[in-house]
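Undergrad: Below are the sequence and a predicted model; questions follow.
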Amino acid sequence: MTDRLYSIAIDGPAGAGKSTIARKAAQNLGFVYVDTGAIYRTLAYGIHTAGVSPESEDLQQVLSRFDVRPFWSEDGVQHMILNGEDVTALIRQPHISDLTSKLSAVAAVRDFLLETQRKIACEHSVIMDGRDIGTVVLPNADVKIFLFASAQVRAKRRYLELQQKGIDQTYEDVLREMEERDYRDSHRAVAPLVPAEDAVMIDTSDLDLNQSIETVVQTIRKKIGL
Ligand code: DC
């Protein structure tokens, strides 16, 4: 092993398999996996609980009330702490997904969370997944990967994931909400979801999970020579 810290950016739309693939790839490489969507979701959960609308003029002022921190348990699982409370189990609900997408289009929200994300990469070798990691958060990342898949494949994956968690939503609703979120995430004025110019593009539509992990790990190893 080396003392050098590595940073790997994995961006892409919801349901492309980013989180599972990035987590497994991080385990393989001995890096910390950072799910930045969970960081955004945690803030959204806080704002929702405080009853503040994403359009509110007070939004920027309200942000300073929230202390959002990830921590990692022994098994490498990222937990989210909001003002001292573990909210990990509460941030995946569909209404929080929707609110997160709206809030993540607000510049003040993105600015508020930028340092939280960069600080983690200064302290650990990371695989960080999100929407603007390669373009904004870690523009000097050692490797940038853009993971994508067709909307239908992604909606099916998310639908099965929700079912497993006991969250009842039809496939059609999942697909519609995913297409709406894709549109919002890639058309927002601030940090839209676009691949970095130097990103390696990986389409997971026809790859199973193990093949996707293998492709990502090999891409990283080849680039950083590990
Ligand atoms: O990856 P996810 O589905 O948990 O992300 C939730 C929302 O947060 C999604 O609509 C996009 C947004 N997001 C973002 O704008 N930037 C990030 N780095 C991560 C997530």
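TA: That came in fine, so what should we check first? Note that the coordinates shown come from a computational prediction; the quantities given were computed from them, not determined experimentally.
Undergrad: Now do the strands in this structure.
TA: For the chain, the strands defined by DSSP state E occupy 7-11, 32-35, 68-72, 78-82, 85-86, 126-130, 143-148, 200-203.
Undergrad: Any chance of TSV for these, columns mean pLDDT?
TA: Compiled in TSV, the strands of the chain are given as follows (pLDDT from 0 to 100):
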stretch	mean pLDDT
strand 7-11	97
strand 32-35	96
strand 68-72	94
strand 78-82	96
strand 85-86	97
strand 126-130	96
strand 143-148	97
strand 200-203	96
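Undergrad: Give me the contact list for stretch 218-226.
TA: Tyr6, Ile8, Ala25, Leu29, Ile127, Asp142, Val143, Ile145, Val200, Ile202 (CB atoms under 8 Å, 6 or more residues apart in numbering). C-beta coordinates here come from the backbone N, C-alpha and C atoms, glycine included.
Undergrad: In it, which residues are buried?
TA: Residues of stretch 218-226 classed as buried: Thr219, Ile220, Ile224 (neighbour count, 16 or more other CB atoms under 10 Å).
Undergrad: among those, which are in helices?
TA: Thr219, Ile220, Ile224 (DSSP state H).
Undergrad: quick one: the closest residue to Arg118 other than its chain neighbours from Ala191, how far?
TA: Nearest non-adjacent residue to Arg118, counting by CB to CB, 6 or more residues apart in numbering: Val137, 6.3 Å away. To Ala191, Val137 is 9 Å away according to CB to CB, to the nearest Å.
Undergrad: More neighbours: these two, which one.
TA: Higher neighbour count among Val137 and Ala191: Val137, with 26 against 19, using other CB atoms under 10 Å.
Undergrad: That one: what's it in contact with?
TA: By CB under 8 Å, 6+ apart, the neighbours of Val137 are Ala9, Thr36, Leu114, Gln117, Arg118, Ala121, Met128, Gly130.
Undergrad: hmm, which two among these are most spread apart?
TA: Greatest spacing in those, by CB to CB: Ala9 and Leu114 (13.9 Å).
Undergrad: Look at the two and report which has more neighbours.
TA: Ala9 (29 against 14).
Undergrad: what does this protein have sitting close to the ligand?
TA: 14, 36-37, 40-41, 100-101, 104, 130-132, 181, 185 (CB under 6 Å from any ligand atom).
Undergrad: Enumerate every residue touching Ile167.
TA: Arg92, Gln93, Pro94.
Undergrad: Quick check: phi and psi at the nearest residue to the last one once chain neighbours are set aside.
TA: Which is Pro94. Distances taken as CB to CB, 6+ apart place Gln169 nearest to Pro94, at 6.1 Å, with adjacent residues excluded. Backbone torsions of Gln169, given as degrees, to the nearest 10, read phi -150, psi 140.
Undergrad: what number of residues lie near Glu135?
TA: Just so we're on the same page, residue 135 is Thr rather than Glu. 22.
Undergrad: Alright, that wraps it up for me.
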